[in-house]
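[1] with the sequence up front, the predicted model follows.
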Amino acid sequence: MNRKHATRSRGRVIGTAAASLCLLLAVTACGTTSENSGKGQGKATAAKCDGPGGKYVIGMSQANVAEPYRQRMDDDIRAAAAKVPQFEVKFADAAQDNAKQVSDVENFLTQQVNLLIISPNEATPLTAVVKKAYDKGIPVLVLDRKVDGDAYTSFIGADNKDIGRQAGRYVAEQLLPNGGNLVELKGLPGSTPAQERSDGFHETLGSKVRTVATGVGDWLREKGQQQLDAILKANPEIDVVYSHNDPMAEGAYLAAKAAGRESKIKFIGIDALPIPSGGVKAVEQGRISATFTYPTGGKEAIAAAKTLLVDCKHVEKKQTLPTQLITKENAERVYREANG
């Protein structure tokens, strides 16, 4: 090979390598937001963002709407989405059925929604289908209740373990400083708020307070009433009922009232919905001693969806919402401020 031909050959090799490098860089540059930033956005979030000129269908998979809290969550999502002209939200109610919620999400995937919002009925049974959506490049916002692992775009919710700790301290320091007997009414066992609200509560409850019975009310008022009705018959001395949400606390109050024991028992709940039938009014009117605010995350979810789909930006992997202790002293003010 003569020197001139060798020079041309080396030039072609270098040119080919340079072209390959440019192609590689171009492909890398077209990677998704998550691939380039490590923010966990899903595989095709950036590619599916058409900006302000796009139209987007959002699927909202709700665990159930029998709980007032969950109906309020849907209402908050609906109200926030109405302010974003690019959004259409489709709602599905799983009615506390894991298999139905899996099917609801599968239907949303078939419909090729642009983003999925889900409040899982229970963590483990919903993990695989949430991961399936996420792996397909659909941004997934998980509200209130968690799934296993981290195959989702963002979790939005309050710190349930911290709420439990606050409730435990309130009982130990304010209601039963000298000790006493307690009943715990738990939410749906496979849901993360039930697990975390119980774990946090017992971390701070102390040794003076004795848990004499537990019941599972599945977050529902009538089941909370049924559970405490049975517990009252077996336990003549109960000082406090710690309920994982306000509807179960209200149900427990009704059971105690039917037994003529409501004046001897203090009731604590969680959610503090600022509606006439909600926990804030129950505290103000004296049926419940205390509750804790637990934001639905509905407006925050739509804000995150707008950031992802319209603004073409990333969102944080976790957004922790604030909570507040509600007692007789501040219930009226909190209710007034929440309703303008």
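    Arrived safely. As the structure is a computational prediction, the values presented were derived from the model and not from experiment. Numbers count the residues shown, from 1 in each chain.
[2] for Gly164, give me the pLDDT.
    Gly164 carries a pLDDT value of 98.
[3] may I have the secondary structure class of it?
    helix (DSSP: H, G, I helix; E, B strand; the rest coil).
[4] number of nearby residues for it?
    Counted by other CB atoms under 10 Å, the residues lying close to Gly164 total 26. Just so you know, the C-beta spots here come from the backbone N, C-alpha and C atoms, and that holds for glycine as well.
[5] residue contacts, it?
    Contact analysis of Gly164 by CB atoms under 8 Å, 6 or more residues apart in numbering lists 196-204.
[6] among those residues, name the buried ones.
    With neighbours counted by 16 or more other CB atoms under 10 Å, those contain buried members at 196-198, 200-202, 204.
[7] closest to Val129 among those?
    Glu196 (22.3 Å; CB to CB).
[8] would you agree the closest one falls within a strand?
    No. With three-state DSSP as the criterion, Glu196 is located in helix rather than a strand.
[9] test my guess that it contacts Arg165.
    No. At 9.8 Å, Glu196 does not count as touching Arg165 under the criterion of CB atoms under 8 Å.
[10] which residues of the stretch 101-250 of the chain fall in helices?
    Here the stretch 101-250 of the chain has its helices, by DSSP state H, counting those that start in this stretch, at 123-135, 160-170, 192-204, 221-234, 246-258.
[11] show me the strands in the stretch 51-200 of the chain, by range?
    56-62, 87-93, 115-119, 140-143, 154-158, 180-186 (DSSP state E, counting those that start in this stretch).
[12] so which of those is nearest Asp229?
    Per CB to CB, nearest to Asp229 of the strands of the stretch 51-200 of the chain: strand 180-186, 11.6 Å.
[13] flag the shaky bits of this protein, pLDDT-wise.
    1-47 (pLDDT under 70).
[14] could you chop it up by domain?
    51-158+296-322, 160-294+327-338 (automatic domain parsing).
[15] quick one: contacts for the residue nearest the centre of the chain?
    Residue closest to the average C-alpha location in the chain (CA atoms, centre = their mean): Asp144, at 0.9 Å. With contact taken as CB under 8 Å, 6+ apart, Asp144 is in contact with 73, 119, 156-157, 193, 296-297.
[16] from those, pick the one nearest Gln62.
    Ser119 (5.7 Å).
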